[in-house]
Each structure stands twice: as C-alpha cells, then as structure tokens.
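Visitor: Here you go, sequence then predicted model.
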Amino acid sequence: MSDYPAVLYVEDDPESCEVMHLLLVQHMGLSAVTIFQDSADFLARVQALQPKPDVILLDIHVQPHTGFEMLEMLRQVRGFDETPVVALTASVMNEEVQKLRTIGFNGVVAKPIDMDTFPEILNRVLNGKEIWRVAG
C-alpha cells in the first residue's frame with residue numbers, strides 16, 4: 001500500500017458525497033478517491049478500479065444493492081475478500097451495529113461524519129483495526 005491509500009465510497013446522497021470528497025481529497029490530501037453515487041453494476045465497477053481500493057466505505061441504504069449486499073459480493077471475490085469495508089449509516093441502533101459486525105464489516109461510522117475524528121478512524125482501519133464508533 002502506498003502512502004496515499006485508494007478509497008472507494010458508495011453513497012447515493014449528493015451532499016454526503018460532497019462532504020466525503022472534501023474530507024478525503026482536500027482535508028486529508030488523498031488523490032485516489034472514487035465515489036459511486038449508486039450501487040448499480042457494483043461488482044464490475046469495483047473490479048475495474050485502478051488502483052484497487054485499500055478501503056471501501058459503504059452507505060448501508062443505497063440502491064439497487066444495499067451495503068449488506070455489496071459486502072456479500074465483495075467477500076466472494078478474490079482480491080476483495082480481505083479488503084477493509086466500513087459501513088456508514090445514520091441508523092446506529094445496537095441491533096444494526098451487531099448485525100454489521102456479524103456479517104463481516106470491519107467497522108461502522110455514524111453519519112453525519114465527524115470531520116475532526118474521521119481521518120484518525122480511517123488510518124486505524126487502514127492499519128488493520130476494526131472501528132465500531134457509533135457516537136462522535
């Protein structure tokens with residue numbers, strides 16, 4: 001992995017996409033940032049990315065494939081089966097957090113994103129840590 005990790009963010013809310021782009025590109029200085037604004041043809045689009053994402057951030061409530069479905073697809077493809085995948089969601093009830101953990105996400109981050117703490121959270125995920133932060 002280079003000093004500048006490649007990040008994929010899947011999010012259908014334009015405002016959330018803009019905030020994440022500002023955070024990753026302008027605030028954190030990352031250059032390999034891809035944002036999908038829907039999950040259509042998700043797997044083919046992910047596999048076509050160059051460079052391959054070092055971390056994937058998935059909004060849970062995206063269409064046509066949910067974050068849960070996208071994670072399941074990723075875990076079945078060699079080369080993406082070990083990629084850290086973090087759920088981003090506004091619904092952070094304990095039951096959902098437990099479900100995210102059980103099905104194989106590497107963490108969850110509550111929305112709206114806390115721009116002050118997110119860079120450290122992303123660095124921890126890239127260093128192999130799981131993040132289950134549901135409060136700011």
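Guide: All right, it came through fine. Numbering: from 1, shown residues only.
Visitor: Quick check: phi and psi at G104.
Guide: For G104, the backbone dihedrals are phi 120, psi 10 (criterion: degrees, to the nearest 10).
Visitor: repeat for the one 3 residues further on
Guide: Torsion angles at G107 (phi, psi; degrees, to the nearest 10) stand at phi 160, psi 180.
Visitor: what do you get for T34?
Guide: According to degrees, to the nearest 10, T34 has phi -120, psi 140.
Visitor: Surely it and E11 touch.
Guide: No. Applying C-beta atoms under 8 Å as the test, T34 and E11 come out as separate, 11.4 Å apart. Where you see a C-beta, it was placed from the backbone N, CA and C, and this is true even at glycine.
Visitor: Please say which of those two ends up with more neighbours.
Guide: Ranked by neighbour count (other C-beta atoms under 10 Å), T34 and E11 place E11 first, with 25 against 16.
Visitor: quick one: contacts for the more buried one?
Guide: Taking C-beta atoms under 8 Å, 6 or more residues apart in numbering, we find E11 in contact with C17, M20, I35, F36, Q37, L57, D59, V62, L88.
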